[in-house]
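Colleague: Sharing a model that was predicted from the sequence below.
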Amino acid sequence: MISTLEEGRSRGLGLDGFRYHQGALHAEEVSLEHIAGAVGTPVYVYSAAAVRASFERLHRAFAPLSAELHFAVKSCPNLHVCRLIRSLGGGMDVVSGGEMERAWLAGTPMRDIVFAGVAKTEDEVKAALDGRFSPVAAAAGHFGRGDAGERGPVGMFNVESESELALIARVTGDLGVPARACIRVNPDVDAKTHEYTTTGLEENKFGIYADRVPALFDAYAEHPQVELAGLHVHIGSPVNQVQPYVDTVRVILRLLDRLEGAGHRPSVLDLGGGWPVDYHQGEAPRVEDYAAALVPLLADRVRRGLHVLLEPGRSIMANSGVLVTRVQHLKQGRQKRFLMCDAGMHTLIRPALYRAFHFIWPVRPPAGHLSPERRERPDLPDLVDCDVVGPICETGDFLARGRPLPEVAQGDLLAIFSAGAYGVSMASNYNDHGRPAEVLVDGSKATVIAERQPLAGLLETERRPRELQLAKESGTA
Ligand SMILES: Cc1ncc(COP(=O)(O)O)c(C=O)c1O
């Protein structure tokens, strides 16, 4: 079955391990019906072969730049997914102290972790510099990790503001630990993606304007503990056109020239993530097209010593995972047909938040309805427009609206495709639902890599109310 991961089939990085076999959808060699029967629904299922294929394809495409891949943990933070990607040679890109601890618990040396994130706290900066401040230090042994005190600082901070850089500089002084940092540049380039995931425009909260960057390199040139190693940029996600990356790299190259002209030696360029995938069949340009445009712009700099990093998340994980849900009830409204499922905005928020498209199809479709193209309106007979909705008390709780589907009965399983990125990581407990289980399939082996969150786990933080002992206000009688 793995042979079906042929590259020609999909134009983007959508190499996935999900295929119909003997009438039912399989992840690699494992039936999704069997997985749902064993662990219940909703459940996320990932294909290890698809993760490997997507990682390797990206790696190959940018090999002329010797680009190092740092997996964007936010896209799919499961420890075992991080371990798999680590085993392929990936570093980790994290945006919070929590993700940093996951990356480390997954076996990533701190030097291979890049710490981005717009509102880093002092506690997070401390833990990033010195493992003694790790909030999970005491539990590290459970994950096969040794003494957090020995772990050393992160390889790089990607700095989002002048005030964050000042905080990092102060904490390095307090702890006596040096830090390396890239400045995240806001290039004022439109990534032409959803307004909520556009990050490179002047009006966005991310990064520091290019014209302010040289002054920071001047100010920190002699700093005893902080080394400004280079520049970081991430313009949005997914970026479905090549040109915004080209425009961004041009801004960066001008800035690198300016910094070098002022006597600085920036040696790192982190180009961020945002590389797209096919949610619709054939939607995204191929990753090779991005590389073909960017490699010539950067090759000379790389020959002169520039070290290039990428932070892919979606392009590795989106099409490496599906969300499997069971139809709990059917309702024929006056205007439309509703399929009421146990997955919804609490397990996959992208349709509700961004109006994002996810292809949805029965795990065991009726005869004659196998393997359709993944598009909004498949060219097949006898389809009925349906709203695929969840159990949450919000009208915005939908996975698809007006979607043509074959006959579906109560109790049937549906697969929501391209759900491996920003699926479980954006799941919530809204309406007191536990987070779904996660299963990783590798060939014929299926492993539960996250148990369904039990209700007892949800209630844990509320178990023991305690009265706050507040400081008395001064000056009161
Ligand atoms: C700084 C940064 N790097 C990398 C990524 C990963 O983007 P993608 O998953 O589209 O590759 C993001 C996503 O939001 C990000 O904010």
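Modeller: Done, it's in.
Colleague: Compute the distance between the closest residue to Arg314 other than its chain neighbours and Ala116, please.
Modeller: Nearest non-adjacent residue to Arg314, counting by Cβ to Cβ, 6 or more residues apart in numbering: Ala421, 4.2 Å away. (Each C-beta comes from the backbone N, C-alpha and C, glycine too.) From Ala421 across to Ala116, the span is 17 Å (Cβ to Cβ, to the nearest Å).
Colleague: hang on, the earlier thing: let me see the confidence value for the residue nearest to Arg314.
Modeller: pLDDT, Ala421: 98.
Colleague: Touching, it and Pro312? I think so.
Modeller: No: applying Cβ atoms under 8 Å as the test, Ala421 and Pro312 come out as separate, 9.6 Å apart.
Colleague: Which elements pack onto the longest helix belonging to the chain?
Modeller: Determined from DSSP state H, the single longest helix within the chain is helix 243-261. Other helices and strands packing on helix 243-261, by 3 or more Cβ pairs under 8 Å, 6 or more residues apart in numbering; DSSP states H and E, are strand 179-186, helix 213-220, strand 226-232, helix 287-303.
Colleague: Quick one: these as TSV, columns for mean pLDDT too.
Modeller: Below are the helices and strands packed on helix 243-261 laid out as TSV (pLDDT from 0 to 100):
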stretch	mean pLDDT
strand 179-186	97
helix 213-220	97
strand 226-232	98
helix 287-303	96
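Colleague: got the contact list for the residue of the stretch 1-150 of the chain found nearest the ligand?
Modeller: The ligand sits closest to Ala72 of the stretch 1-150 of the chain, with a gap of 3.4 Å, by Cβ to the nearest ligand atom. Neighbouring residues of Ala72 by Cβ atoms under 8 Å, 6 or more residues apart in numbering: Asp93, Gly273, Glu311, Pro312, Gly313, Arg314.
Colleague: just Ile208 next, same as before
Modeller: Here Ile208 is in contact with Val159, Glu160, Ser161, Glu162, Ile183, Arg184, Val185, Asn186, Leu216 (criterion: Cβ under 8 Å, 6+ apart).
Colleague: tell me the pLDDT at it?
Modeller: Reported pLDDT for Ile208: 95.
Colleague: go on, Gly8?
Modeller: Gly8 is assigned a pLDDT of 34 by the prediction.
Colleague: Pairing partners for the top strand by length along the chain, with directions?
Modeller: Ordering each strand of the chain by length in residues (DSSP state E) puts strand 321-332 first. Strand 321-332 has the following strand partners under DSSP bridges: strand 43-47 (antiparallel), strand 337-341 (antiparallel), strand 413-416 (antiparallel).
Colleague: Find the residue at the geometric middle of this structure.
Modeller: With distances taken as Cα atoms, centre = their mean, Ser75 lies nearest the centre of the chain, 1.5 Å away.
Colleague: just checking, it touches Ser320?
Modeller: No: applying Cβ under 8 Å as the test, Ser75 and Ser320 come out as separate, 10.1 Å apart.
Colleague: which neighbours do the two share?
Modeller: Shared contacts of Ser75 and Ser320, counting by Cβ under 8 Å, 6+ apart, come down to Gly420.
Colleague: ok so, going back, just the angle for the longest helix of the chain relative to strand 179-186, thanks.
Modeller: 130 degrees (axes from the mean of the first three to the mean of the last three Cα atoms, to 10 degrees).
Colleague: What are the contacting residues of helix 243-261?
Modeller: With Cβ under 8 Å, 6+ apart as the test, helix 243-261 has contacts from 185, 187-192, 200, 210, 213-214, 217, 231, 233, 235-236, 239, 266, 269, 271, 274, 290, 293-294, 297-298, 301, 306.
Colleague: same thing but 6 Å
Modeller: 187, 189, 191, 210, 214, 217, 231, 233, 235, 266, 293-294, 297 (Cβ atoms under 6 Å, 6 or more residues apart in numbering).
Colleague: Off-centre distance for it?
Modeller: Offset of helix 243-261 from its chain centre (Cα atoms, centre = their mean, to the nearest Å): 26 Å.
Colleague: Show residues contacting stretch 319-335.
Modeller: So stretch 319-335 is contacted by 14, 16, 18, 32, 36, 41-47, 50-51, 277, 338-343, 348, 408, 410, 412-420, 423 (Cβ under 6 Å, 6+ apart).
Colleague: Filter those residues down to just the buried residues.
Modeller: Burial by neighbour count, 16 or more other Cβ atoms under 10 Å: within those this picks out 14, 16, 18, 32, 36, 41-47, 50-51, 277, 338-343, 348, 408, 412-420, 423.
Colleague: hey, where'd the helices end up in the stretch 351-477 of the chain?
Modeller: In the stretch 351-477 of the chain, the helices defined using DSSP state H, counting those that start in this stretch lie at 455-459.
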